[in-house]
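Colleague: A structural model of the following input is requested.
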Amino acid sequence: MFEATTYIQRRTQLMQSLKEGVVLLLGNEESPMNYTENQYSFRQDSNFLYYCGIDQPMLALVMDVETGDTILFGNELTLIETVWMGPQPSLQEQAAKVGVTEVQNYDLLPELLASIRQQGRSIHYTPPYRMENSIKLTQWLHTPLVELSQQASVKLIQGIAAQRSIKTAAELAELERAVNITRAMHIAVMKQAKPGMNEAHLAGVATGIAIAGGGNLAYPVILTTRGHILHNHVHSHFLSEGQLVLADIGAETASHYAGDITRTFPVSKTFTQQQREIYQLVLEVQMAAIATLRPGVLYVDVHMQVARQITEGLKAIGLMHGDTDEAVAAGAPALFFPHGLGHLQGLDVHDMEDLGEHHTGYRPGLERSQLFGYKYLRFGKELEAGMVLTVEPGVYFNPPLIDSWQKEGRFSEFIHYHKLAPYRDFTGVRLEDNILITADGHQVIGDPIPKTIAEVEGLRE
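Modeller: This next block holds a predicted model:
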């Protein structure tokens, strides 16, 4: 939680951007795993956290744009709840810490919203992603469930996105803390991995360090010897000599700011020559991409630069051929690089994805590509000082995808399919760092995490 003035300033700026109506920000509820009292770890809504900062369930914030009044809705703990949870600060006390003076019972919220609707005033809300909040909005606003997202306030989304995209010094300190905890997770995993060990053991090591850092995981652990499966959350395989381990892991601080780092390392003490070639290509591509980052640069252009450099690198190895620009324009490198270069990062690991990437990552006149691979670029617009985003290129060899494209004869003018057989068991390499855009360039967030071949092999000794 930041100072009260931080939340007051954020709310004031948001209301000034809207001009009229009322803002409704719903916090999240507890979510049962398999019965009511056995719940998933609670995670507050990030927009609610940004403007209110109180990290507990069953809260809502209402901001009257025209009067400037702000009301926190929630319920005090009952005596029985205190028996199970222990004494907690009152809602009034917590509200005071974030600069809110008026607190009302949660049960009064529907009545207030009904009155606002009767007055013909706008109620600005964000697209709901939890079913509990969708049901509430459907009942309170008399809006069909299927129409909730379409009727969410574009003005509110734009106002939030404009604020949350630019990180303050206090936010950057939290992000650096998250990345440094993440760094400890990666170094421990790289040091402890050995042949015969189960992937789940290493996933547990990473998870334990995240929790010991005072927060939790920023997202489910990806730690796998099947790195060509981009979001592989299965940890059932055992490490063997000659394999690669891809670890995409990140810690979330107690205030919920996220780290998101990927490293790839050999199960053996050193990379094989084949692994070394692909790894060095990805490393050079990533470092070149980071070097270009500064305000005003279109991130989609950086993604396309990466696609060209990967194509050139694979041509040098003998896996691709033909005109590089034509191959990139057609989408051929997506066989080996089938995802976007990166995304915004902050309170969410994919920051503000709930608001819609067409609002947060693109703009009018800059539309998302519909080509395979390129369409998974979550952020494509101009970089601005204060933005934080990931840079995470990769090269993968996915046998089902290769077989499908080869059978179709897809991009045979650019891809040497007959030379891919030795790579069918290669899996993949991805490298990822978290970058702050500064006034005159960029800065890699956090303490350095081993990344060069020599650094990684040094940890594997």
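Colleague: Wait, a strand at residue 428?
Modeller: Yes - Residue 428: assigned to a strand according to DSSP: H, G, I helix; E, B strand; the rest coil.
Colleague: isn't it right next to residue 246, touching?
Modeller: Yes - using C-beta atoms under 8 Å, residue 428 is in contact with residue 246, at 6.3 Å. Heads up, the C-betas are built off the backbone N, CA and C, glycines and all.
Colleague: For the stretch 301-450 of the chain, just list every one of the helices.
Modeller: Using DSSP state H, counting those that start in this stretch, the helices of the stretch 301-450 of the chain run over 324-330, 357-360, 399-408.
Colleague: Contact partners for the nearest residue to residue 161 once chain neighbours are set aside?
Modeller: Setting aside the residues directly before and after it, residue 161 is nearest to residue 360 in space (C-beta to C-beta, 6 or more residues apart in numbering), at 4.8 Å. Residue 360 is in contact with 161, 165, 344, 351, 352, 353, 379, counting by C-beta atoms under 8 Å, 6 or more residues apart in numbering.
Colleague: Quick check: which of the helices of the stretch 301-450 of the chain is buried the most?
Modeller: Comparing the helices of the stretch 301-450 of the chain by mean neighbour count (mean count of other C-beta atoms under 10 Å), helix 357-360 comes out on top with a mean of 18.
Colleague: hang on, the earlier thing: specify which member of the contacts of residue 360 is nearest to residue 389.
Modeller: residue 344 (5.2 Å; C-beta to C-beta).
Colleague: now the nearest residue to the closest one once chain neighbours are set aside: how far from residue 104?
Modeller: Nearest residue to residue 344, sequence neighbours excluded (C-beta to C-beta, 6+ apart): residue 351, at 3.9 Å. For residue 351, the distance to residue 104 equals 31 Å [C-beta to C-beta, to the nearest Å].
Colleague: So for the two, which sits in the more crowded spot?
Modeller: Between residue 351 and residue 104, residue 351 has the larger neighbour count (other C-beta atoms under 10 Å), namely 28 against 17.
Colleague: leaving aside the residues next to it on the chain, what's closest to residue 141?
Modeller: Counting by C-beta to C-beta, 6+ apart, residue 141 lies nearest to residue 123, which is 6.4 Å off, once chain neighbours are set aside.
Colleague: That should have said residue 327, apologies.
Modeller: Once flanking residues are discounted, residue 327 sits nearest to residue 414: 4.1 Å by C-beta to C-beta, 6+ apart.
Colleague: just residue 59 next, same as before
Modeller: Closest residue to residue 59 apart from its sequence neighbours, by C-beta to C-beta, 6+ apart: residue 27 at 3.9 Å.
Colleague: Pull the contacting residues for that neighbour.
Modeller: 44, 45, 48, 52, 54, 56, 57, 58, 59, 60, 61.
Colleague: which of these are buried?
Modeller: 44, 45, 48, 52, 54, 56, 59, 60, 61 (16 or more other C-beta atoms under 10 Å).
Colleague: So which of these sits lowest on pLDDT?
Modeller: Lowest pLDDT of the buried ones among the contacts of residue 27: residue 56, 95.
Colleague: lowest confidence element among the helices and strands of the chain?
Modeller: helix 79-85 (a mean of 90; mean pLDDT, DSSP states H and E).
Colleague: Show me which parts of stretch 27-43 are buried, residue by residue.
Modeller: Neighbour-count burial for stretch 27-43 flags 27, 28, 29 (criterion: 16+ other C-beta under 10 Å).
Colleague: wait, doesn't residue 22 sit right on residue 119?
Modeller: No - at 9.6 Å, residue 22 does not count as touching residue 119 under the criterion of C-beta under 8 Å.
Colleague: Settle it for me: which of these two has more neighbours?
Modeller: Legend: neighbour count by other C-beta under 10 Å for residue 22 and residue 119, higher for residue 22 (24 against 8).
Colleague: show me what contacts that one?
Modeller: With contact set as C-beta under 8 Å, 6+ apart, residue 22 has these partners: 62, 63, 64, 65, 116, 121, 122, 123, 124.
Colleague: same thing but 6 Å
Modeller: 64, 116, 123 (C-beta atoms under 6 Å, 6 or more residues apart in numbering).
Colleague: again, but for residue 388
Modeller: 167, 345, 436.
Colleague: swap the cut-off to 8 Å and go again
Modeller: 167, 172, 175, 344, 345, 346, 351, 434, 435, 436, 437, 445.
Colleague: Need the nearest residue in space to residue 15, chain neighbours excluded.
Modeller: Nearest non-adjacent residue to residue 15, counting by C-beta to C-beta, 6+ apart: residue 65, 4.6 Å away.
Colleague: and that neighbour, how far is that from residue 102?
Modeller: Distance of residue 65 to residue 102, given as C-beta to C-beta: 16 Å.
Colleague: again with residue 370
Modeller: From residue 370 over to residue 102 (counting by C-beta to C-beta), the distance is 48 Å.
Colleague: about what we covered before: quick one, which of residue 65 and residue 102 is more surrounded?
Modeller: The neighbour comparison of residue 65 against residue 102 (other C-beta under 10 Å) goes to residue 65, with 21 against 12.
Colleague: can I assume the more buried one is in contact with residue 19?
Modeller: Yes - contact criterion C-beta under 8 Å: residue 65 and residue 19 qualify, at 6.6 Å.
Colleague: sorry, back to before: residues contacting the residue nearest to residue 15?
Modeller: Residue 65 is in contact with 15, 18, 19, 20, 21, 22, 23, 124, counting by C-beta under 8 Å, 6+ apart.
Colleague: Repeat the analysis, applying 10 Å as the threshold.
Modeller: By C-beta atoms under 10 Å, 6 or more residues apart in numbering, residue 65 lies in contact with 14-23, 121-122, 124, 155-156.
Colleague: Show the contacting residues for residue 435.
Modeller: 289-290, 293, 342, 345, 383, 387-391, 441-445.
Colleague: Which residue is the nearest non-sequential neighbour of it?
Modeller: Residue 435 sits nearest to residue 442 (C-beta to C-beta, 6+ apart), 5.2 Å away.
Colleague: Surely that neighbour and residue 299 touch.
Modeller: No - with contact defined as C-beta atoms under 10 Å, residue 442 does not count as touching residue 299 (11.8 Å).
Colleague: Return every residue with contacts to both of the two.
Modeller: Common neighbours of residue 442 and residue 299 (C-beta under 10 Å, 6+ apart) are 292, 293, 383, 387, 389, 391.
Colleague: In strands, which of these fall?
Modeller: Applying DSSP state E to these, the entries found in strands are 389, 391.
Colleague: centre of the chain versus stretch 275-290, how much separation?
Modeller: Relative to its chain's centre, stretch 275-290 lies at 22 Å (C-alpha atoms, centre = their mean, to the nearest Å).
Colleague: Now do the buried residues in it.
Modeller: Buried residues in stretch 275-290 (16+ other C-beta under 10 Å): 275, 278, 279, 281, 282, 283, 285, 286, 289, 290.
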